[in-house]
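J.: predicted model and sequence follow; I will ask about them next.
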Amino acid sequence: MKFIMSTIIAGICLVACTGPTGVKEGSKTSDMPEWVRTDGNYDGKGIGAIGSAAFDETGTQIQRSEAKTAARAELSQIIEVRIQSSISTTNQRLKDTGLGAGREVSALQTQAIVSALADRVMKNSQPVKQWRDPTNRELYVWVVIDGDKLDESLMDEMANKIFKKKLNDAAEDHQKKLKIMREELRKELRKDIK
């Protein structure tokens, strides 16, 4: 009798442990929209990113808000990396041309500037599409920044914030630094734009 009860309990435990894990698989990649499959690539029109949020029984609005926040966070990271890259390249170019010692903008100063500039760029972002996975009900949102929002006035503003004129800088040298910075910002931020 003890053996039969032990076998039944072991069988119940085994069945309970082999049930569904609670995490639903999503749709096949081929069933997803193109913009989800390409991680928000904006086809040469600007910069894009996607965010997703798991199904929330409390309502679609919360899920949509979480997905937008995730997409904007991803887009912000892309922008920050590109600004950081342009600053690093500019510092190297200034060092190579003799216009700077290679560290025109300190690391601490750079992080504060990069965050502020990314926030400024992010104000131009907008959600353009959303898609709900029919299999697991996860919501995907595509957020983009149009290339025309990354215009020359924005590049000028960013370059001026990054390179403040120092007292010992000649006006001509300062303008050369700004020109190099604008070139690098333009190259990084507009590299996906045709």
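T.: Cool, the structure landed.
J.: for the protein, which spans come out with low pLDDT?
T.: 1-27, 101-109, 164-169 (pLDDT under 70).
J.: helices of that one, residue ranges please.
T.: 2-17, 34-37, 60-97, 107-122, 152-162, 171-189 (DSSP state H).
J.: tell me the helices and strands packed up against the shortest one.
T.: Spelled out, that is helix 34-37. strand 46-53, strand 139-146 (3 or more CB pairs under 8 Å, 6 or more residues apart in numbering; DSSP states H and E). For glycine as for every other residue, the C-beta is placed from the backbone atoms N, C-alpha and C.
J.: could the helices of the chain go into TSV alongside distance to residue 130 and mean neighbour count?
T.: Below are these laid out as TSV (distance: least, CB to CB, whole Å; neighbours: other CB atoms under 10 Å):
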stretch	distance to residue 130	mean neighbour count
helix 2-17	37	9
helix 34-37	10	15
helix 60-97	7	18
helix 107-122	19	15
helix 152-162	27	16
helix 171-189	25	18
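J.: adding distance to residue 49, write those out as TSV.
T.: As requested, those are arranged in TSV below (distance: least, CB to CB, whole Å):
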stretch	distance to residue 49
helix 2-17	38
helix 34-37	10
helix 60-97	4
helix 107-122	11
helix 152-162	19
helix 171-189	14
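J.: do you know which of those helices lies nearest residue 129?
T.: Of all the helices of the chain, it is helix 34-37 that lies closest to residue 129, at 6.2 Å by CB to CB.
J.: give me the contact list for the closest one.
T.: Applying CB atoms under 8 Å, 6 or more residues apart in numbering, the contact partners of helix 34-37 are 29, 41, 48, 50, 129, 131, 140, 142.
J.: and if we set it to 7 Å?
T.: 29, 50, 129, 131, 140, 142 (CB atoms under 7 Å, 6 or more residues apart in numbering).
J.: show me what contacts residue 149?
T.: residue 124.
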